[in-house]
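**Student:** Sequence and computational prediction follow.
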Amino acid sequence: MSKKKPEIPRFDHPIIETHCHLDYLEEDQLEQLLEQSRDLGIERIVTIAVSADNLQKVLDLSRMSDRIWGTQGIHPHDAEQFNIDVEAQIIEQLDDPRMLAVGEIGLDYYYDHADRKIQRDVFERQLQIAVDKQLPVVIHTREADEDTRAILANFEQSLSRKGVIHSFTSGLELAQYCIGEGFKLGFNGIATFNKAENVREVVRSTPIEKIVLETDSPYLAPVPYRGRPNSPCYLPFIAQRIADELEVDINNLLKQAYHNSLELFFPGELSPP
């Protein structure tokens with residue numbers, strides 16, 4: 001007989017889901033997710049574009065609900081899709097007020113689905129879009145720490161809104177560089193995996209002011225739901241593990257992560273100091 005999974009914790013403070021992929025859900029699943037996540041205090045959901053064929057889908061989703069927001073960008077896996085027409089579409093659709101950032105962009109040398117030089121070129125071109133639009137970036141980097149740092153260094157002065165290194169699994173050196181440059185680090189269900197002590201080491205070394213919460217759903221479901229399709233509804237498990245690693249009260253972590261998420265994507269809503 002299978003062991004019953006624990007209920008999802010419910011906390012008093014609202015949570016912002018800073019990175020997921022809602023366009024992978026069926027419409028009836030989306031309605032159920034929005035209802036359940038609302039009940040769990042997931043106040044806003046940012047759904048992320050990754051390829052030429054989901055740029056419009058992300059924009060359409062963001063217009064379905066006042067709780068859904070989005071981004072525009074091409075993932076390194078699909079860097080070879082990037083062309084003048086795709087670039088023009090990204091630039092145009094970023095003018096929509098529901099689009100918050102340029103992303104998911106970056107480098108992935110683990111899978112190497114696209115030529116590395118093309119990945120670097122496309123990463124740089126999309127960083128320039130963020131510079132021109134004065135928007136933050138959502139960065140994916142895997143086994144590409146050195147090149148990621150080198151490319152970001154070229155934009156140190158011009159990238160006014162910085163952004164987030166999402167699903168952070170890189171080394172401490174890159175973490176410290178990105179934090180020093182003003183980026184946030186996004187942590188998800190990987191932080192709960194038994195063999196992910198390297199990620200927890202980075203969590204413990206990251207100032208709480210630089211942490212945002214994400215799921216990357218439908219991937220990377222946290223313990224105790226690992227192996228199932230992920231959901232923004234599982235954010236409370238991730239939040240609790242991050243709080244435990246930092247040795248802070250869960251409500252303090254949630255309050256700060258919420259502030260960090262506003263600072264990242266909704267700076268106009270922050271109260272003046």
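**Tutor:** Alright, I've got the coordinates.
**Student:** Which positions in the worst-scoring helix or strand of the chain on mean pLDDT come out as buried?
**Tutor:** Here the helix or strand of the chain ranked lowest by mean pLDDT, DSSP states H and E is helix 27-39, holding a mean of 92. By neighbour count, with 16 or more other C-beta atoms under 10 Å as the criterion, the buried positions of helix 27-39 are 30, 33, 34, 37. Every residue, glycine included, has its C-beta placed from N, CA and C.
**Student:** who touches it?
**Tutor:** If you take C-beta atoms under 8 Å, 6 or more residues apart in numbering as the criterion, helix 27-39 is touched by 17, 22, 25, 45, 61, 64, 65, 67, 68, 231, 232, 233.
**Student:** Selection in ChimeraX covering whichever of those are buried, please.
**Tutor:** Buried members of these, defined by 16+ other C-beta under 10 Å, are picked up in ChimeraX with:
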select :17,22,25,45,61,68,231,232,233
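**Student:** Which stretches in the protein count as strands?
**Tutor:** Assigned strands in the chain, in chain order: 15-20, 42-47, 68-72, 99-108, 137-142, 163-165, 184-187, 211-213 (criterion: DSSP state E).
**Student:** which helices and strands does the last one pack with?
**Tutor:** Read it as strand 211-213. strand 15-20, strand 184-187, helix 235-246, helix 250-265 (3 or more C-beta pairs under 8 Å, 6 or more residues apart in numbering; DSSP states H and E).
**Student:** how about those, which one is nearest residue 200?
**Tutor:** helix 235-246 (5.3 Å; C-beta to C-beta).
**Student:** now for that closest one, which elements pack on it?
**Tutor:** Looks like helix 235-246 contacts strand 15-20, helix 197-205, strand 211-213, helix 250-265 (3+ C-beta pairs under 8 Å, 6+ apart).
**Student:** quick one: which of those is nearest residue 9?
**Tutor:** helix 250-265 (8.3 Å).
**Student:** now the closest one and helix 235-246, what's the angle there?
**Tutor:** Using axes from the mean of the first three to the mean of the last three C-alpha atoms, to 10 degrees, the inter-axis angle of helix 250-265 relative to helix 235-246 is 110 degrees.
**Student:** Isn't residue 229 up against residue 216?
**Tutor:** No: counting by C-beta atoms under 8 Å, residue 229 sits too far from residue 216 to count as a contact (11.7 Å).
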